[in-house]
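Participant: Sequence unavailable; structure follows:
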């Protein structure tokens, strides 16, 4: 079967080759109706851009990289899905890279591994210093996700983790809870994200006039749900009194539910539990999980929009974008 060409798509859609090229390359100024018409012709004919020819003609590959710590973490998996959908809508494909929070792997994302392969990178680092990011990304279009401090020239998209933790604790206190535990700190975790969540937890308690109890900040030995389960088991065993838990993510919250069930602590009657990320896990636990809900679609959309502008010539100071969050209320911590 002969390869479908750009001119074939133009003839099927009854538009110019320039219009087809604009759609394929994701240019924003194409009218929605015209974009839909061209996309329909692309889908019908099975057109696939020739990346080598595109790069020679435009200097672009039509591909972007998404680099994240863990692809099997529910939050990062869902973010990757959103970004892939958005990129496809705009005529781009996504290469996904897992760094496992390894400093050398993170440096490689911005150093030579992506050179010439992609037009830009969306990146959630955990260990790279600001100066390293500024030094290594050079002129590669880049947008950062997460809590890392961004260089002044780099765009950054995030939620306000302090405010989100504050809202989660306020939700628990409003339902009559008085002893809220934070689950938790992990041995060897140096990331800024969880520090900000702990800060928001503490600020909410202070604002409500609740005395801070360091014993209520639970420690785990690792990042798995089984580590969270063990941390809650240990807290119950040593007689720690608590009637609510704010978890660092939904996996930890699922581990907490298992430990509480084993110990005969009913949820939410005896202990209310709030997770974080509002991942698919939240709908599958028993009871279903109340969770801090970042607007993941908005995170992905804003990150891609900023990257697209950088890839098409935008220069200037880095833009800092904070997207909304909410508390997705379910059975594990109902409203008071």
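Facilitator: Received the coordinates, thanks. Computed from a predicted structure; not experimentally measured.

Participant: Tell me the strands beside the helix or strand where residue 144 lies, with direction?
Facilitator: In this structure, residue 144 sits in strand 142-145 according to DSSP states H and E. Here strand 142-145 has these sheet partners by DSSP bridges: strand 120-123 (parallel), strand 155-158 (parallel).

Participant: next structured bit after the first one?
Facilitator: By that I understand strand 120-123. Next along from strand 120-123, by DSSP H and E: helix 130-137.

Participant: and if you look at the last one?
Facilitator: Going down the chain from strand 155-158, the next helix or strand is helix 161-174, by DSSP H and E.

Participant: Now do that following helix: distance to the chain's middle.
Facilitator: Averaging C-alpha positions (Cα atoms, centre = their mean, to the nearest Å) puts helix 161-174 20 Å from its chain's average.

Participant: lowest average confidence, helix or strand, in the chain?
Facilitator: helix 51-58 (a mean of 53; mean pLDDT, DSSP states H and E).

Participant: Check which residues of the helix or strand following that helix are buried.
Facilitator: Counting by DSSP H and E, the next helix or strand C-terminal to helix 51-58 is strand 63-68. If you call a residue buried by 16 or more other Cβ atoms under 10 Å, then strand 63-68 has these buried ones: 63-68. (C-beta placed from N, C-alpha, C; glycine too.)

Participant: what does stretch 170-187 give?
Facilitator: 170-173, 175, 177, 179-184, 186.

Participant: how about the residues you listed in JSON lines, adding pLDDT and distance to residue 43?
Facilitator: Below are the buried residues of stretch 170-187 laid out as JSON lines (pLDDT from 0 to 100; distance: Cβ to Cβ, whole Å):
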{"residue": "170", "pLDDT": "98", "distance to residue 43": "47"}
{"residue": "171", "pLDDT": "98", "distance to residue 43": "44"}
{"residue": "172", "pLDDT": "98", "distance to residue 43": "48"}
{"residue": "173", "pLDDT": "98", "distance to residue 43": "51"}
{"residue": "175", "pLDDT": "96", "distance to residue 43": "49"}
{"residue": "177", "pLDDT": "97", "distance to residue 43": "52"}
{"residue": "179", "pLDDT": "98", "distance to residue 43": "56"}
{"residue": "180", "pLDDT": "98", "distance to residue 43": "51"}
{"residue": "181", "pLDDT": "98", "distance to residue 43": "51"}
{"residue": "182", "pLDDT": "98", "distance to residue 43": "49"}
{"residue": "183", "pLDDT": "97", "distance to residue 43": "46"}
{"residue": "184", "pLDDT": "91", "distance to residue 43": "48"}
{"residue": "186", "pLDDT": "93", "distance to residue 43": "45"}
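
Participant: I'd like to know how many residues surround the closest residue to residue 288 other than its chain neighbours.
Facilitator: With sequence-adjacent residues excluded and distances taken as Cβ to Cβ, 6 or more residues apart in numbering, residue 288 is closest to residue 330, at 4.0 Å. Residues within reach of residue 330, counting by other Cβ atoms under 10 Å, total 20.

Participant: Now do the SS call for residue 327.
Facilitator: strand (DSSP: H, G, I helix; E, B strand; the rest coil).

Participant: From what I see, it and residue 293 are in contact.
Facilitator: Yes. Between residue 327 and residue 293 there is a contact at 6.7 Å, judged by Cβ atoms under 8 Å.

Participant: Can you tell me how far residue 230 is from residue 254?
Facilitator: To residue 254, residue 230 is 13 Å away according to Cβ to Cβ, to the nearest Å.

Participant: Who has more neighbours out of the two?
Facilitator: Counted by other Cβ under 10 Å, residue 230 and residue 254 do not tie: residue 254 has more neighbours, with 24 against 16.

Participant: re the thing from before, got TSV for the buried residues of stretch 170-187, with distance to residue 96 too?
Facilitator: Shown next, in TSV, are the buried residues of stretch 170-187 (distance: Cβ to Cβ, whole Å):
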residue	distance to residue 96
170	36
171	34
172	35
173	39
175	39
177	39
179	41
180	36
181	35
182	31
183	29
184	29
186	24
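
Participant: In the stretch 201-336 of the chain, what residue spans correspond to strands?
Facilitator: Along the stretch 201-336 of the chain, the segments classed as strands by DSSP state E, counting those that start in this stretch run 217-220, 244-247, 272-276, 290-294, 320-322, 325-328.

Participant: pLDDT below threshold where in the chain?
Facilitator: Applying pLDDT under 70 to the chain flags residues 1-2, 26-28, 49-60, 112-116, 190.

Participant: swap the cut-off to 80 and go again
Facilitator: Counting by pLDDT under 80, the low-confidence segments of the chain come to 1-3, 6, 21, 24-29, 48-61, 111-116, 136-139, 190-191, 336.

Participant: Where does the record place the domain boundaries for it?
Facilitator: Domain assignment for the chain by automatic domain parsing gives 6-48, 58-159+296-326, 161-294.

Participant: Rebuild those as TSV, extending it with distance to residue 334.
Facilitator: Conversion of the domains of the chain to TSV gives the following (distance: least, Cβ to Cβ, whole Å):
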stretch	distance to residue 334
domain 6-48	41
domain 58-159+296-326	15
domain 161-294	6
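
Participant: Among those domains, which comes closest to residue 336?
Facilitator: When the domains of the chain are compared by Cβ to Cβ, domain 161-294 sits nearest residue 336, at 3.4 Å.

Participant: related to what we said a few turns ago, nearest to residue 274 among the buried residues of strand 63-68?
Facilitator: residue 68 (23.9 Å).
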